[in-house]
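> Here's a sequence, model it:
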Amino acid sequence: MPVSVHSLTLEPREPVSLLTHGQILDALGNGPEALAAMTQALELAPGLTEARWSRAVLLSKMDRLEEALRDVDQVIADDPTPQSHGIRANILVRLRRLDEAWESAERALTQDPAAEEA
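Here you go, the predicted model:
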């Protein structure tokens, strides 16, 4: 964890440092602290798509699916990619919203026929 602490020591209010800290905490299995760091990064830089994407994936892993879906929908609004539509489809399947999941999977495949997330 020294790398994460070091990045925050250098720039404690810098969104990318907070995102990196959150990603490291997530990799170490500390979901709650990772979520707090990613949320703080987004409070400082709401348009930081990478932070929103990382938080959506983390929320999905934590089974906080409605929150994950909100973040993915914002990512799609900012920068629609096959991957974002694919993760959206996955979340919707887990929520048992299968018609919407199908639509998202189709969008992912339309944008990239080789998309693996869909």
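> From here on, just use CA atoms for contacts and neighbour counts.
Noted.
> Would you pull up how far whichever strand or helix holds A105 lies from the middle of the chain?
Following DSSP states H and E, one finds A105 within helix 98-111. How far helix 98-111 lies from its chain's middle: 18 Å, per Cα atoms, centre = their mean, to the nearest Å.
> Please list the residues outside that helix that contact it.
81-86, 88-93, 115, 117-118 (Cα atoms under 8 Å, 6 or more residues apart in numbering).
> and the two most separated of the residues you listed?
The largest separation in the contacts of helix 98-111, counting by Cα to Cα, is between T81 and V93 at 18.6 Å.
> residues of the strand or helix carrying Q83 that come out buried?
Using DSSP H and E, Q83 sits within helix 82-94. Buried positions in helix 82-94, judged by neighbour count with 16 or more other Cα atoms under 10 Å: 82-92.
> Who are the packing partners of it?
Here helix 82-94 touches helix 65-78, helix 98-111, going by 3 or more Cα pairs under 8 Å, 6 or more residues apart in numbering; DSSP states H and E.
> Of all these, which one is nearest G31?
Once these are compared by Cα to Cα, helix 65-78 is nearest, at 13.6 Å.
> Return the set of buried residues in that closest one.
Those would be 65, 68-69, 71-76, for helix 65-78 by 16+ other Cα under 10 Å.
> Could you do stretch 29-36 as well?
Across stretch 29-36, burial judged by 16+ other Cα under 10 Å covers 31, 34-36.
> Looking at the residues you listed, which is nearest R13?
Using Cα to Cα, these come closest to R13 at A36, 13.2 Å.
> Leaving out the residues flanking it, which one is nearest to that closest one?
Distances taken as Cα to Cα, 6 or more residues apart in numbering put G22 closest to A36, at 7.5 Å, once the chain neighbours are dropped.
> Could you measure from the one you found over to E50?
12 Å (Cα to Cα, to the nearest Å).
> If you count surrounding residues, which of those two has more?
Using other Cα atoms under 10 Å as the criterion, G22 and E50 rank with G22 on top: 29 against 14.
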